[in-house]
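Trainee: Fold the following.
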Amino acid sequence: MNRAVAEGAAMGVPRSDTPRPTWQITCLYLTMLVVAVGAFLAIQRVGEGLIPIAAANLPSASVARSGLSSMVQILVSLVTIVSAAQLFGRLFVKFKQPAVVGEIVAGLVLGPSLLGSLAPAPMQWLLPSSVAPVLSALSQVGVILYMFLIGIELDTSSLRRRSHASVAISHASIAVPFLMGACLALVLFPSFASRGVSFTPFALFCGVAMAVTAFPVLARILRDRGMLGSRLGAAAIACAVVDDVTAWCLLAFVVGCVNAEASSAGLTLVLALSYVALMFTVVKPGMKRAMSGPRRSRATQTLLALVLIALLVSSLATELIGVHAIFGSFLMGAVLPRDSQIASEIRGRIEDLVVVLLLPIFFAYTGTRVQVGLLGSVHEWLMCALVVITACAGKFGGTALTARFTGFAWRDAAILGTLMNTRGLVELIVLNIGRDLGILSPTLFAMFVLMAVITTAMTSPVLSLIERWKSAPRGELTPVTRA
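Mentor: Residues are numbered from 1 along each chain as shown. Reported below is the predicted structural model:
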């Protein structure tokens with residue numbers, strides 16, 4: 001084995017009998033970027049001529065008076081939400097699904113899609129409309145803290161160690177589904193766009209929604225299947241990290257375009273990039289010095305308070321810039337020294353509260369906003385199926401074909417494509433932002449939520465089918481023999 005192959009194997013790059021030369025992979029990468037930009041500009045030119053049919057707003061639900069005090073109603077709702085999340089999470093684990101899939105389904109079950117349709121009176125008693133503002137506030141706090149935890153888990157140093165092959169795979173797994181989502185926008189915009197939304201932000205958002213990969217859910221699947229330490233698992237994690245960073249940057253750009261006037265969108269982008277540079281060039285070294293001293297062996301309450309204050313300030317800064325608070329919390333987590341004992345303690349103290357209480361509240365709040373009954377015609381269900389097919393084809397196809405080109409065997413390329421098709425909670429966060437911005441109509445929001453649940457739930461069973469494709473050991477890379 002020559003030196004280049006040996007170094008590649010140490011970094012999780014697939015082994016092959018005749019690996020692709022670097023110049024070929026570089027040409028593929030540059031061609032992909034040029035084609036992606038050109039294709040989106042062509043889609044934008046066509047889509048700007050479309051006129052959307054104003055989507056009807058949801059009728060306001062009648063509020064059932066339970067006669068209970070506000071605090072009692074809130075506590076009853078919280079007991080219901082946490083209990084349902086635990087029940088469905090444990091139930092889905094028995095079916096070899098990630099617990100988060102069951103928790104998402106629990107939120108949908110408690111909403112108007114099922115409980116509200118079958119038993120509206122109990123739903124109004126368990127989750128009355130009067131507690132919706134409280135659930136909304138708690139869910140937003142939960143999402144901010146969750147994105148902070150994702151940032152801590154993010155290994156930014158791995159982005160500097162990426163091989164040409166891994167960079168090409170990662171960005172192809174974003175560029176292909178992004179363009180397919182933009183093409184899908186041409187079909188969805190006339191019938192399902194909200195009133196007052198122009199085509200460009202609509203197409204951008206559809207592209208981002210198709211390009212998202214749920215890094216935490218993917219890591220949990222790899223851990224449960226014993227693949228986390230394998231070469232294939234390392235490659236999947238690295239690609240997911242690049243996906244997460246790129247997708248959140250794209251989302252920040254979309255939010256900035258929607259929140260700002262056309263004349264000030266450029267200023268929003270410049271401020272956002274400047275803030276990112278500030279966090280990594282000034283805040284990150286400062287955090288490393290503050291947490292690496294001899295007296296910094298554990299996270300005191302004072303230090304935890306300072307970190308949380310910095311987190312909130314960072315979220316506030318990005319919210320004021322116009323790119324959403326979660327981007328600031330994600331950046332704050334990313335600049336913490338993830339290998340320090342203090343970061344590990346902070347993560348341990350916050351994680352249980354977020355996972356057990358706040359995220360189920362977010363799922364329940366999302367469930368109250370999803371009304372599957374809006375898909376009342378064959379045409380709407382066909383459009384929903386098209387959304388799911390586009391999401392799977394873009395993510396799986398873009399990842400698997402590029403992985404095969406760079407030297408993966410077909411089996412391992414298919415496993416990598418399936419893993420990158422996992423969306424989960426991260427997708428729900430993106431969709432709720434689109435709903436809040438008025439980009440997604442209630443009907444389209446329901447379609448995309450169903451897509452998120454289906455693509456996440458199908459990951460484990462599809463992986464089991466692919467792993468039985470050949471007799472190669474699970475998680476290892478099958479060498480490719482070229483003619």
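Trainee: residues contacting the most centrally placed residue in the chain?
Mentor: Averaging the C-alpha coordinates of the chain gives a centre point, and the residue nearest to it by C-alpha atoms, centre = their mean is residue 426 (2.8 Å). When contacts are counted by C-beta atoms under 8 Å, 6 or more residues apart in numbering, residue 426 touches 150, 212, 213, 214, 215, 216, 217, 244, 247. Bear in mind the C-beta positions are built from the backbone N, C-alpha and C, glycine included.
Trainee: just the CA coordinates of stretch 365-374, formatted as PDB?
Mentor: Written as PDB, here are the backbone C-alpha positions of stretch 365-374 (Å, rounded to 0.1, in the frame of the first residue of the first chain):
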ATOM      1  CA  TYR A 365     -46.000  21.800  19.600                       C
ATOM      2  CA  THR A 366     -45.100  20.800  16.100                       C
ATOM      3  CA  GLY A 367     -47.900  18.200  16.200                       C
ATOM      4  CA  THR A 368     -50.500  20.800  17.100                       C
ATOM      5  CA  ARG A 369     -49.400  22.700  13.900                       C
ATOM      6  CA  VAL A 370     -49.700  19.600  11.600                       C
ATOM      7  CA  GLN A 371     -53.000  18.700  10.300                       C
ATOM      8  CA  VAL A 372     -52.700  15.700   8.000                       C
ATOM      9  CA  GLY A 373     -56.500  16.000   7.300                       C
ATOM     10  CA  LEU A 374     -55.600  19.000   5.000                       C
END
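Trainee: Flag every buried residue along it.
Mentor: Judged by neighbour count (16 or more other C-beta atoms under 10 Å), stretch 365-374 contains these buried residues: 365, 366, 367, 368, 369, 370, 371, 372, 374.
Trainee: isn't the first one right up against residue 132?
Mentor: I take that to be residue 365. Yes - distance between residue 365 and residue 132: 7.5 Å, which falls inside the contact criterion (C-beta atoms under 8 Å).
Trainee: Please identify the helix or strand for the residue nearest to the centre of the chain.
Mentor: Assigned by DSSP states H and E, residue 426 belongs to helix 424-436.
Trainee: next structured bit after that helix?
Mentor: Sequence-wise, the next helix or strand downstream of helix 424-436 (DSSP H and E) is helix 442-457.
Trainee: Now do that following helix: which elements does it pack against?
Mentor: Counting contacts by 3 or more C-beta pairs under 8 Å, 6 or more residues apart in numbering; DSSP states H and E, helix 442-457 is packed against helix 99-110, helix 164-192, helix 359-369, helix 378-405, helix 424-436.
Trainee: So what's the model's average confidence on the last one?
Mentor: Spelled out, that is helix 424-436. Confidence over helix 424-436 (mean pLDDT, whole number) is 87.
Trainee: Now do it and helix 359-369, the angle between them.
Mentor: For the pair helix 424-436 and helix 359-369, the angle between their directions (axes from the mean of the first three to the mean of the last three C-alpha atoms, to 10 degrees) equals 50 degrees.
Trainee: Name the residues of helix 424-436 that come out as buried.
Mentor: Neighbour-count burial for helix 424-436 [16+ other C-beta under 10 Å]: 424, 425, 426, 427, 428, 429, 430, 431, 432, 433, 434, 435.
Trainee: tilt between it and helix 378-405?
Mentor: Between helix 424-436 and helix 378-405, the angle comes out at 130 degrees (the same axes, to 10 degrees).
Trainee: Give me the number of neighbouring residues for residue 28.
Mentor: When neighbours are counted by other C-beta atoms under 10 Å, residue 28 registers 18.
Trainee: wouldn't it be in contact with residue 405 here?
Mentor: Yes - taking contact to mean C-beta under 8 Å, the distance of 6.6 Å between residue 28 and residue 405 places them in contact.
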